[in-house]
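Colleague: Take this sequence and fold it.
(chains A and B)
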Number of protein chains: 2
Amino acid sequence: MPKQISIGIVGVGKIARDQHLPAIAANDGFKLVACASRNAQVDGVRNYRTLQEMLAAEPELEAVSLCATPQVRFEQARAALVAGKHVMLEKPPGASVVEVSLLAELAREHGCSLFASWHSRYAPAVEAARTWLAGRDIQSVKVLWKEDVRKWHPNQDWIWQPGGLGVFDPGINALSIITRILPHAFFLKSAELWVPSNRQTPIAANLDFTDERDTPIRAEFDWRHGSEELWQIEATTGDGVLRLAQGGKQMHIDGVAVEIGPEREYPGLYERFGELITAGHGDVDIRPLEHVADALLLGHRHAVEPFVE
Amino acid sequence: MPKQISIGIVGVGKIARDQHLPAIAANDGFKLVACASRNAQVDGVRNYRTLQEMLAAEPELEAVSLCATPQVRFEQARAALVAGKHVMLEKPPGASVVEVSLLAELAREHGCSLFASWHSRYAPAVEAARTWLAGRDIQSVKVLWKEDVRKWHPNQDWIWQPGGLGVFDPGINALSIITRILPHAFFLKSAELWVPSNRQTPIAANLDFTDERDTPIRAEFDWRHGSEELWQIEATTGDGVLRLAQGGKQMHIDGVAVEIGPEREYPGLYERFGELITAGHGDVDIRPLEHVADALLLGHRHAVEPFVE
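Modeller: A predicted model of the protein is given here:
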């Protein structure tokens, strides 16, 4: 077995416990040696309160995975890269477009692998959809990404603060998929944003994109949805309708289910991170975040009723 | 004399008449042959109502300069590039970050020069400031870009609509200068935006940037200023304070005026455009627009009193 890459996790919250810890445990290429979190500890590894303490105490550490909120991601990533660590960023990779592009430069300067991860791109149907759509005549695309914010983000105040993205926090998952599977780059033409009058970020958004062929690409994000979430992408082509359902876990062509593999988004992410480190490469695609920034630049805002937790 | 480049102007409004027409007339390398504008005509050239009519009727045309509002810039630029014309874009180069990067790709595919112009970078003190700051220890930067919107943008409804940028329309001029003169790339940490309750875009904004050295870079944009505009950039260094005043027309070091040349922003732009065409190059720097998108992504919004023209 090749040498394992020693890794530390920063920010032990829901996503770290639900996804990152099990994915690392199941990956022979990585060995979790430390965690840094203000208020949480992980059994069986060395725990620190901050990334800085972890970096000071763990000179042998080779990689870190940053799972804290996007508002603090840049400072943590910078500190880790300057210390010579490979870095994996949870999505979104930062709070601004420019800071992520500067991190990519910094990683190159320090000879580290930087992986701006988009977990939804590792949903099992995504590569199958990309392959099926390649070369096909796409007539229109419709994205519906609707869920109940109270179910998926209970008491997560940061999502409502500037930089927290609001409904774009799940919506950027859809954008990370369509930027991967559609064969032509697209851009925003107009957007409508609905923002609770007591909050900073949108609770719903409709986005109209197009591409060089004038394909209509419509995305509807809504956090005011019922208990059954709707995470669906439908592409109408000259050869039939491709539908990704359940966030990319299912794929249908003209209503007929296509057999794909089991769900393994985060295991896929850590496989990819390991490959990048071994190859000495980085993978930083800022495009999904650019689309969100464009939506806030170009979107027409409507105030809606206050959101009270 | 080398062969002149035949050029057409699209969008004959205030900026075209005040700046573009005189700059082209004074440049031996260009010959203005046509204009396209819905409601305006220019004497001595062939006039069309739309770019499409102009492109159809003027197959020999080599270049176009797009001076209409940013919301329509992409479609015009695409049509011109696809027709094989070299394109100069007034600032801002588009209504979204992604559309401008797609235009740059399209220009490369069609072998045309695309110039995303930032006229303030051609203010006479800008290159002198860049040279003076290179290698110096910069301790802080303060930008004050304040003017009266009623004086500078009377009845320009588009600036208040989504994509119109509001106070970032002049503010992006300051951003285009500091992205040129500061030796290290910087990114936004936080922003405050003040938006009239009856409008979509900010009337004032405070931006706090920093760079890899943690230099504090503060920008204050305000459209509620008195009749004397303040367009000033001050960089405090270990060797004294550099001040650009009047939007880059004047430069002082520790209060002592430095001799620089006369104002010639738009003549400088057309010289550059001619050089790019001759060399077969493009020049598309999206960074100033990325900073504005980041400000709208990350900014904390405050509703302020309605703005009534």
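Colleague: Would you mind naming what in chain A lies close to chain B?
Modeller: By the rule Cβ under 8 Å from any Cβ of the partner chain, the part of chain A lying against chain B is A:74, A:78, A:95-99, A:101-102, A:105-106, A:162-163, A:185-188, A:190-191, A:200, A:212, A:287, A:290-294, A:296-301. C-beta: built from backbone N, CA, C; applies to glycine.
Colleague: in chain A, which ranges drop under the pLDDT threshold?
Modeller: Chain A contains residues with pLDDT under 70 at A:1-2.
Colleague: can I assume A:L244 sits in a strand?
Modeller: Yes - with DSSP: H, G, I helix; E, B strand; the rest coil as the criterion, A:L244 is part of a strand.
Colleague: what's near enough to touch the residue nearest to it when sequence neighbours are not counted?
Modeller: Take A:L244 and drop its neighbours on the chain: the residue closest to it by Cβ to Cβ, 6 or more residues apart in numbering or on different chains is A:I233, 4.4 Å away. Listed by Cβ atoms under 8 Å, 6 or more residues apart in numbering or on different chains, the contact set of A:I233 reads A:A129, A:V141, A:K142, A:V143, A:L144, A:A174, A:I177, A:I178, A:I181, A:R243, A:L244, A:G248.
Colleague: For A:I233, give the beta-bridge partners.
Modeller: Note on A:I233: beta-bridge partners by DSSP bridges are A:V143, A:L244.
Colleague: Return the distance of it relative to B:D43.
Modeller: 54 Å (Cβ to Cβ, to the nearest Å).
Colleague: Tell me where the longest strand sits in chain A.
Modeller: strand A:186-196 (DSSP state E).
Colleague: which residues sit against whatever helix or strand comes next after that one?
Modeller: Downstream of strand A:186-196, the first helix or strand assigned by DSSP states H and E is strand A:204-211. Where contact means Cβ under 8 Å, 6+ apart, the residues beyond strand A:204-211 that reach it are A:167-168, A:171, A:182, A:184-194, A:216-224, A:291, A:295, A:299, A:304.
Colleague: backbone phi and psi for the residue nearest to A:I286 when sequence neighbours are not counted, please?
Modeller: The shortest distance from A:I286 to any non-neighbouring residue, by Cβ to Cβ, 6+ apart, is to A:V100 (5.1 Å). Note on A:V100: its backbone torsions stand at phi -70, psi -40 [degrees, to the nearest 10].
Colleague: Now do the contacts for A:V100.
Modeller: Applying Cβ under 8 Å, 6+ apart to A:V100 gives the contacts A:P93, A:G94, A:A116, A:V284, A:I286, A:L289.
Colleague: Now render those residues as a markdown table, adding neighbour count and secondary structure.
Modeller: Listed next are the contacts of A:V100 as a markdown table, based on neighbours: other Cβ atoms under 10 Å in any protein chain shown; DSSP: H, G, I helix; E, B strand; the rest coil:
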| residue | neighbour count | secondary structure |
| --- | --- | --- |
| A:P93 | 30 | coil |
| A:G94 | 28 | coil |
| A:A116 | 26 | strand |
| A:V284 | 19 | coil |
| A:I286 | 21 | coil |
| A:L289 | 31 | helix |
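Colleague: and whichever residue of the stretch 101-250 of chain A sits closest to chain B, what does it touch?
Modeller: Residue of the stretch 101-250 of chain A nearest chain B, by Cβ to the nearest Cβ: A:F187 (4.1 Å). A:F187 sits next to A:F209, A:T210, A:D211, A:H291, A:D294, B:F74, B:S96, B:V98, B:E99, B:L102 when contact means Cβ under 8 Å, 6+ apart.
Colleague: so how far is the helix or strand the last one falls within off the chain centroid?
Modeller: Put plainly, it is B:L102. With secondary structure defined by DSSP H and E, B:L102 is part of helix B:97-110. Distance, stretch centre to chain centre, for helix B:97-110: 18 Å (Cα atoms, centre = their mean, to the nearest Å).
Colleague: which stretches of the stretch 151-300 of chain A form helices?
Modeller: In the stretch 151-300 of chain A, the helices defined using DSSP state H, counting those that start in this stretch lie at A:168-181, A:265-279, A:287-298.
Colleague: what about those helices, which gets the closest to A:A56?
Modeller: helix A:265-279 (22.2 Å; Cβ to Cβ).
Colleague: tell me what that closest one is packed against?
Modeller: Other elements packing on helix A:265-279 under the criterion 3 or more Cβ pairs under 8 Å, 6 or more residues apart in numbering or on different chains; DSSP states H and E are helix A:21-25, strand A:63-66, strand A:86-89, strand A:114-116.
Colleague: Starting from the last one, tell me the next helix or strand along the chain.
Modeller: Right, the one you point to is strand A:114-116. Immediately after strand A:114-116, counting by DSSP H and E, sits helix A:126-133.
Colleague: buried sites along that following helix?
Modeller: Under the neighbour-count criterion of 16 or more other Cβ atoms under 10 Å in any protein chain shown, helix A:126-133 has A:V126, A:E127, A:A128, A:A129, A:W132, A:L133 buried.
Colleague: Adding distance to A:P59 as columns, could you present the helices of the stretch 151-300 of chain A in CSV?
Modeller: Shown next, in CSV, are the helices of the stretch 151-300 of chain A (distance: least, Cβ to Cβ, whole Å):
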stretch, distance to A:P59
helix A:168-181, 34
helix A:265-279, 18
helix A:287-298, 32
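Colleague: tell me the most buried of those helices?
Modeller: Comparing the helices of the stretch 151-300 of chain A by mean neighbour count (mean count of other Cβ atoms under 10 Å in any protein chain shown), helix A:287-298 ranks first with a mean of 26.
Colleague: hang on, the earlier thing: among the buried residues of helix A:126-133, which one sits closest to B:H252?
Modeller: Closest to B:H252, out of all of the buried residues of helix A:126-133 and judged by Cβ to Cβ, is A:V126, at 56.6 Å.
Colleague: residue contacts, that closest one?
Modeller: Contacts of A:V126 by Cβ under 8 Å, 6+ apart are A:S120, A:I177, A:R180, A:I181, A:L244, A:G248.
Colleague: do the same with A:A40
Modeller: Neighbour list for A:A40: A:V12, A:G13 [criterion: Cβ under 8 Å, 6+ apart].
Colleague: try it again with 7 Å
Modeller: A:V12 (Cβ atoms under 7 Å, 6 or more residues apart in numbering or on different chains).
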